[in-house]
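J.: model this:
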Amino acid sequence: MSKILIATNHSYMLYRFRLELIQTLRQEHEVVLLMPFVGHEEDFQALGIRCIKTDVDRRGINPKTDWKLFQTYRELLQQEKPDMVVTYSIKPNIYMGLACSLKKIPYCANVQGLGTAFQKPVLASVVSILYKIAFLRVKTVFFENASNAQVFQDRHIMKADKQVLLNGAGINLQQYPYQAYPGQRPFRFLYLGRIMEEKGVNELFAAMKRLSEAYPGEAVLDLVGFYEDSHEEQVKQLEASGVVCFYGFQSEPTPYYEKADCVVLPSYHEGMSNVLLEAAAIGRPVITSDIPGCREAVDDGVTGYLCQVRDEDSLYEKMEQMLLLSRDCREAMGLKGRQKMEQEFAKEQVVARTIRAIFSQRDSAVV
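T.: As a prediction, the model looks like this:
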């Protein structure tokens, strides 16, 4: 039985979105997880999966800390002697990739989005160089949208023949079954995710305030997720005025999707938004930015609406348009969204494609 190491920066996210892949791999391979313990590591262990706590500074750029992570990965490779390594997120991709290259261990990486690193020119140049070195010997690199893959080609980080495009992590259609469309008042928009500038919450809050003034008592915004300190006071003020209902982080999001009339995500950048996939699977129309990682999950005007990124007026227009639609039209949008998930994003399809690419013996990893 071969051994596969999976390195990531977040145990909670790995469990939420890659559990089915890991369970399938375990049918024929030993799987060991390297990750910070920030949730669900006990659930992995209960399944009989060995987990090794590996601290990763997700957002910092401290060379000393990153060098320590690189050395940790080298030591673990020496101890574990894996046959294959699979990495998720930027630092495992880079530092585990470098360590695998030195040890001549085959590895596959997942670029789940470009993140803030590619939004800042100087940092983007540094990260591009690190990625280029780390990917010199990579077997396969998985991308969640074509635009991100093209960026890596344009920056000469890697060639197209080692890129594989997936429909994100896919969506477990049994875990997120279709739910009957609600018919309540007031109309409930739902934002689910980190409450931070890059997710477009400033535009969302401004648009929602305008909507509340134009249609008093007709709509409310449900907020589910952590907020950053910079948004704490703003959230409290909006809640006090009745514009939003804040629920904090919730480990089980399904009840909030169920009671939503529409899910809104005006993000600035995404790899592939799992929130949009979950909302559509449950049968809810969505409003999201016309950007890579969001537009793929939506058929504009059919399963939801696309708005211009960083544009409060465009977002307001789409939210007003959704509010004024008949319930039957919104329900039909949700049903078509569910059908789109079944046809294009089913979890088992994504898992099968991933495994096929990981173990392909061809030099070219395009599928």
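J.: how about residue 22: what's its closest non-neighbour residue?
T.: residue 31 (5.8 Å; Cβ to Cβ, 6 or more residues apart in numbering). (Glycine included, C-beta is placed from N, CA and C.)
J.: am I right that that neighbour is in contact with residue 49?
T.: Yes: applying Cβ atoms under 8 Å, one finds residue 31 in contact with residue 49, separated by 5.8 Å.
J.: please identify which of these two sits among more neighbours.
T.: residue 31 (24 against 18; other Cβ atoms under 10 Å).
J.: doesn't that one lie inside a helix?
T.: No: read with DSSP: H, G, I helix; E, B strand; the rest coil, residue 31 is strand and lies in no helix.
J.: picking that back up, who touches both of residue 31 and residue 49?
T.: residue 22 (Cβ atoms under 8 Å, 6 or more residues apart in numbering).
J.: for this protein, which segments count as strands?
T.: Assigned by DSSP state E, the chain shows strands spanning 3-7, 30-35, 50-53, 84-88, 107-111, 140-143, 163-165, 187-192, 219-224, 244-246, 262-265, 286-289, 304-307.
J.: show residues contacting the third one.
T.: This points to strand 50-53. Residues contacting strand 50-53 (Cβ under 8 Å, 6+ apart): 11, 31-37, 41, 44-45, 76.
J.: again, only this time at 6 Å
T.: 32-34, 37, 41, 44-45 (Cβ atoms under 6 Å, 6 or more residues apart in numbering).
J.: can you tell me what sits against stretch 231-244?
T.: 195, 208-209, 212, 221, 223, 227, 246.
J.: could I get those residues as a markdown table with pLDDT, distance to residue 177 and neighbour count?
T.: Formatted as a markdown table, the contacts of stretch 231-244 follow (pLDDT from 0 to 100; distance: Cβ to Cβ, whole Å; neighbours: other Cβ atoms under 10 Å):
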| residue | pLDDT | distance to residue 177 | neighbour count |
| --- | --- | --- | --- |
| 195 | 93 | 28 | 24 |
| 208 | 97 | 29 | 24 |
| 209 | 96 | 34 | 17 |
| 212 | 96 | 32 | 20 |
| 221 | 97 | 25 | 24 |
| 223 | 97 | 24 | 25 |
| 227 | 81 | 30 | 19 |
| 246 | 95 | 27 | 15 |
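J.: pick out the most distant pair among those residues.
T.: Across the contacts of stretch 231-244, no pair lies farther apart than 212 and 227, at 19.3 Å, counting by Cβ to Cβ.
J.: pLDDT weak spots in the stretch 1-150 of the chain?
T.: 58-60 (pLDDT under 70).
J.: quick one, helices of it?
T.: 11-26, 41-46, 63-80, 90-91, 97-103, 121-134, 146-154 (DSSP state H, counting those that start in this stretch).
J.: which pLDDT does the model give the residue sitting furthest away from the middle of the chain?
T.: Distance from the centre of the chain peaks at residue 216, with 34.1 Å (Cα atoms, centre = their mean). pLDDT, residue 216: 95.
J.: hmm, back to that, closest to residue 184 out of the helices of the stretch 1-150 of the chain?
T.: Here helix 11-26 is closest among these (Cβ to Cβ), at 28.0 Å.
J.: which elements pack onto the closest one?
T.: Helices and strands touching helix 11-26, by 3 or more Cβ pairs under 6 Å, 6 or more residues apart in numbering; DSSP states H and E, are strand 30-35, helix 347-358.
J.: quick one: buried residues of that helix?
T.: Neighbour-count burial for helix 11-26, counted by 16 or more other Cβ atoms under 10 Å, picks out 11-15, 17-22, 24-25.
J.: follow-up on the earlier one: of all the helices of the stretch 1-150 of the chain, which one comes closest to residue 339?
T.: helix 11-26 (21.0 Å).
J.: can you give me how far the closest one is from the chain middle?
T.: Computed by Cα atoms, centre = their mean, to the nearest Å, the chain-centroid distance of helix 11-26 equals 14 Å.
J.: what is the orientation angle of that helix with strand 84-88?
T.: Angle of helix 11-26 versus strand 84-88, following axes from the mean of the first three to the mean of the last three Cα atoms, to 10 degrees, is 150 degrees.
J.: other residues contacting helix 11-26?
T.: By Cβ under 6 Å, 6+ apart, helix 11-26 touches 4, 8, 31, 35, 37-41, 169, 347, 351, 354.
J.: I'm done for today, thanks for sticking with me.
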